[in-house]
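**Q** Here is the input, now give the coordinates:
(one chain, ligands or ions: 2)
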Amino acid sequence: MNTLGIAVIGTGKMGADHVRRIGDTVGGARVVAVADAVADPDGDRAKAVAAGVEGAAAFTDPAAATAAPGVDAVLIASPGPAHEEAILHALERELPVLCEKPLTPDPEGALRVLEAERRVGRRLVQVGFMRRFDAEYERLKELLDAGGIGRPLFLHCRHRNASSPSFFTSDMLISDSVVHEVDAARWLLGQEVTAVTVLSPRPSSAAPEGLSDPRLVLLETSGGAIVDVEIFVNCGFGYQVRCEAVGESGSARIGDGHAMVVESAGRWGGEIAQDFTTRFADAYDRQVRRWVAAAARGRVDGPDAWDGYAAAAVSEAGLAAGRSGVRTEVRLVERPELYR
Ligand SMILES: NC(=O)c1ccc[n+]([C@@H]2O[C@H](COP(=O)([O-])OP(=O)(O)OC[C@H]3O[C@@H](n4cnc5c(N)ncnc54)[C@H](O)[C@@H]3O)[C@@H](O)[C@H]2O)c1
Ligand SMILES: O[C@H]1[C@H](O)[C@@H](O)[C@H](O)[C@@H](O)[C@H]1O
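**A** Ligands and ions are numbered 1, 2, ... in the order given. Down below sits the predicted model:
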């Protein structure tokens, strides 16, 4: 196979950005089909995205896009609740998948994805936890793996968005946003998350009516570390993702974002990225590039469906903890052979 033919499902902010990057920065692949649905019943959004890509066809039915001629792999960028159906369509055809996070909003849906992969007999699904492809996160992982700061005791995480989309709910602060820290913590520490506690201060006056924003999420891990995550999706001033690891013999911090510091007129300072497309631009590029290379060899080379399931199980515990105010244990099924 020379060029991987990709169907992109969901042509909103992320889907359109992935279509652009496949055309501009990712070699060895081309978009041959795009589909949108629900908010795009006439296919206008998909048509507009397809119009910018030579040879790409637009569909209103995601299943039809997946079955279109020339499709070798599927990139899913529809909203979380639509992921399971799109993944199952792709797995029926034994196509490699890159699915934006969360794999599914709930662990039950993720288990159905694991079962579908078991039927195929090999791993085909990668989840879009792009922080694993970010240069700073990679350096932190290398340091921790090398024992550079000793056994990790804490991860102190800050995850701030300038503002949240209109459809954002208090649950989504956990299942859509903190899910990144859940995956990052599992990956950085090589441990599962075992329990979740959620503390919710009086909401910021900048938060939309009814949104519990910010929140503090505490994760306990199987190796005895504690991860605290401040999630604040209407902080107003920009996009910040920080992580400080504290170990028995040192600490390491990423995400300060001080690429350039300007000193002038008696002041010093720099710029703050305004959203994830800027802060993680390189990570998205590398994620898609690595997925394309692995998919062309029929492999998964990144976070897989088990990682998506584990994150969904932590989200479920987090949602229960958020509603009850009580520490909630995470329940995981036994890890299937395919993911060991
Ligand atoms: N990795 C990241 O940093 C990151 C950043 C933003 C969003 N995301 C994820 O990407 C996905 C899309 O987010 P977005 O910000 O692009 O949202 P968006 O609302 O901008 O776009 C979603 C698109 O999917 C379409 N859609 C809805 N239901 C569909 C269905 N059943 N089939 C096909 N298309 C459907 C909508 O019409 C819309 O065009 C979500 O899973 C989100 O969590 C990830
Ligand atoms: O879907 C987005 C995306 O995953 C971003 O990376 C995260 O910072 C946002 O909080 C979330 O809403």
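
**Q** What are the buried residues along stretch 94-114?
**A** Buried residues in stretch 94-114, defined by neighbour count with 16 or more other C-beta atoms under 10 Å: 95-107, 109-111, 113-114. The way it works is simple: take the backbone N, C-alpha and C, and place the C-beta from them, glycine included.

**Q** for stretch 258-276, same thing?
**A** Neighbour count says stretch 258-276 has I272, A273, F276 buried, by 16+ other C-beta under 10 Å.

**Q** for stretch 56-64, same thing?
**A** So stretch 56-64, judged by 16+ other C-beta under 10 Å, has buried residues A56, A57, A58, F59, T60, P62, A63.

**Q** Also stretch 328-340?
**A** Here stretch 328-340 shows T328, V330, L332 as buried, counting by 16+ other C-beta under 10 Å.

**Q** Residues of the stretch 101-250 of the chain that sit close to ligand 2?
**A** K101, N161, D176, S177, H180, V233 (C-beta under 6 Å from any ligand atom).

**Q** repeat that for 5 Å
**A** N161, D176, S177 (C-beta under 5 Å from any ligand atom).

**Q** and which of these is nearest to ligand 2?
**A** Checking these against ligand 2 by C-beta to the nearest ligand atom gives S177 as the nearest, at 3.4 Å.

**Q** just checking, L75 touches H18?
**A** Yes. L75 is within contact range of H18, at 5.6 Å (criterion: C-beta atoms under 8 Å).

**Q** Those two: which has the busier surroundings?
**A** Taking L75 and H18 together and counting by other C-beta atoms under 10 Å, L75 has the greater number of neighbours (30 against 26).

**Q** so when I look at that one, I'm seeing a strand, right?
**A** Yes. According to DSSP: H, G, I helix; E, B strand; the rest coil, L75 belongs to a strand.

**Q** hmm, back to that, which neighbours do L75 and H18 have in common?
**A** Jointly contacting L75 and H18 under the rule C-beta atoms under 8 Å, 6 or more residues apart in numbering are V8, V288.

**Q** Among the buried residues of stretch 56-64, which are located in strands?
**A** Among the buried residues of stretch 56-64, the members falling in strands (DSSP state E) are A57, A58, F59.

**Q** roughly how far apart are the last one and ligand 1?
**A** The one in question is F59. In this view, F59 and ligand 1 are 9 Å apart by C-beta to the nearest ligand atom, to the nearest Å.

**Q** Let's see the pLDDT reported for that residue.
**A** Among the per-residue scores, F59 shows a pLDDT of 95.

**Q** contacting residues around it?
**A** Neighbours of F59 in contact, by C-beta under 8 Å, 6+ apart: A33, V34, A35, G43, A46, A65, A68.

**Q** When you compare pLDDT across these, which one is lowest?
**A** G43 (83).

**Q** Check which residues of stretch 83-94 are buried.
**A** So, applying 16+ other C-beta under 10 Å, buried residues of stretch 83-94: H83, E84, A86, I87, L88, H89, A90, L91.

**Q** near ligand 1, anything from it?
**A** No. Stretch 83-94 is not in contact with ligand 1 by C-beta under 5 Å from any ligand atom; minimum separation 6.3 Å.

**Q** With only the CA atoms kept, save that stretch in CSV.
**A** The C-alpha trace of stretch 83-94 is given here as CSV (Å, rounded to 0.1, in the frame of the first residue of the first chain):
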residue,chain,number,x,y,z
HIS,A,83,-17.4,7.3,18.7
GLU,A,84,-18.6,3.7,19.6
GLU,A,85,-20.8,3.4,16.5
ALA,A,86,-18.2,4.8,14.2
ILE,A,87,-15.5,2.5,15.6
LEU,A,88,-17.7,-0.6,15.3
HIS,A,89,-18.3,0.2,11.7
ALA,A,90,-14.6,0.4,11.1
LEU,A,91,-13.8,-2.7,13.0
GLU,A,92,-16.4,-4.7,11.0
ARG,A,93,-14.2,-3.9,8.0
GLU,A,94,-11.0,-4.6,10.0
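
**Q** Show me the contact partners of it.
**A** With C-beta under 8 Å, 6+ apart as the test, stretch 83-94 has contacts from 9, 62-63, 66-67, 74, 76, 78, 96-97, 99-100, 102-104, 109-110, 112-113, 116-117, 119-120, 124-125.

**Q** Show me the strands in the stretch 151-300 of the chain, by range?
**A** Using DSSP state E, counting those that start in this stretch, the strands of the stretch 151-300 of the chain run over residues 152-160, 193-199, 215-221, 226-232, 240-247, 250-254, 262-264, 267-269.

**Q** Between those, which one is closest to ligand 1.
**A** Among these, the nearest to ligand 1 by C-beta to the nearest ligand atom is strand 240-247 (9.5 Å).

**Q** Quick one: work out the angle between that closest one and strand 152-160.
**A** With axes from the mean of the first three to the mean of the last three C-alpha atoms, to 10 degrees applied, the angle from strand 240-247 to strand 152-160 works out at 170 degrees.

**Q** So what touches strand 240-247?
**A** Applying C-beta under 8 Å, 6+ apart, the external contacts of strand 240-247 come out as 131, 137, 140, 143-144, 148-160, 180-181, 184, 188, 251-257, 272-273, 279.
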